[in-house]
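**Q** turn this into a structure:
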Amino acid sequence: MKYTKEEARVKKQALTSLQVRAIPPVVKTTGISPTMSMNVLAERAIKNGTYTIGIMPQFLVDREIAAPHLDEFYVTDDMDERKAKMLSLADACLALPGGPGTLEEISEAFSWARVGQNPNPCAFYNVNGYYDKLADFFDHMVTEGFLTTEDRNKLLFSDSLEEIYNFMTR
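**A** Okay, the predicted model is just below:
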């Protein structure tokens, strides 16, 4: 997977910042391949002695190099089972700067939270305003009546790890 220079810079800054303060002390990762930012986060967590968990569907294990060196590694039949497993193990849902897959997963987690099927807080780590337009769109949903203010307040966009931590542990 190739990133533009700006995408690579944003991802590197996000991952470097996350290394400073591990949220939470157990890193529950998603897909783990050498080309994904979650792999970088997992590698840094492992170096810091943090317990790590990975979840990947079999078809991605077949195509990519999985990370068997994690403390726990689950292989699922498909993406839906993977997402369900992630939510069952999660304490919180945090999206780093990413692409359509990241957006799909955090959106589904938030949708499930709105209907009572996900008790975990959801947040976007908004490094360098990466998610500003998405935050504006969620605000627009409120304005247009497609999202309640109460539900909008259950979703955080922030570039502050302290604010994210406080939101997730309240």
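**Q** only C-alpha atoms for contact and neighbour calcs from this point on.
**A** OK.
**Q** what's the weakest-modelled helix or strand in this protein?
**A** Using mean pLDDT, DSSP states H and E, the weakest-scoring helix or strand in the chain turns out to be strand 26-28, at a mean of 46.
**Q** quick check: mean pLDDT of the strand ranked longest in the chain?
**A** Using DSSP state E to define each element, the chain has its longest strand at strand 51-57. Strand 51-57 shows an average pLDDT of 83 in the prediction.
**Q** and it, what other elements does it pack with?
**A** If contacts are counted by 3 or more Cα pairs under 8 Å, 6 or more residues apart in numbering; DSSP states H and E, strand 51-57 sits against strand 26-28, helix 37-47, strand 72-76, helix 79-89.
**Q** just send these back as a markdown table, with distance to Pro100 too.
**A** Putting the helices and strands packed on strand 51-57 into a markdown table (distance: least, Cα to Cα, whole Å) gives the following:
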| stretch | distance to Pro100 |
| --- | --- |
| strand 26-28 | 20 |
| helix 37-47 | 14 |
| strand 72-76 | 21 |
| helix 79-89 | 14 |
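**Q** can you list these in JSON lines and add distance to Met141 and mean neighbour count?
**A** Converted to JSON lines, the helices and strands packed on strand 51-57 look like this (distance: least, Cα to Cα, whole Å; neighbours: other Cα atoms under 10 Å):
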{"stretch": "strand 26-28", "distance to Met141": "30", "mean neighbour count": "19"}
{"stretch": "helix 37-47", "distance to Met141": "29", "mean neighbour count": "19"}
{"stretch": "strand 72-76", "distance to Met141": "34", "mean neighbour count": "17"}
{"stretch": "helix 79-89", "distance to Met141": "25", "mean neighbour count": "16"}
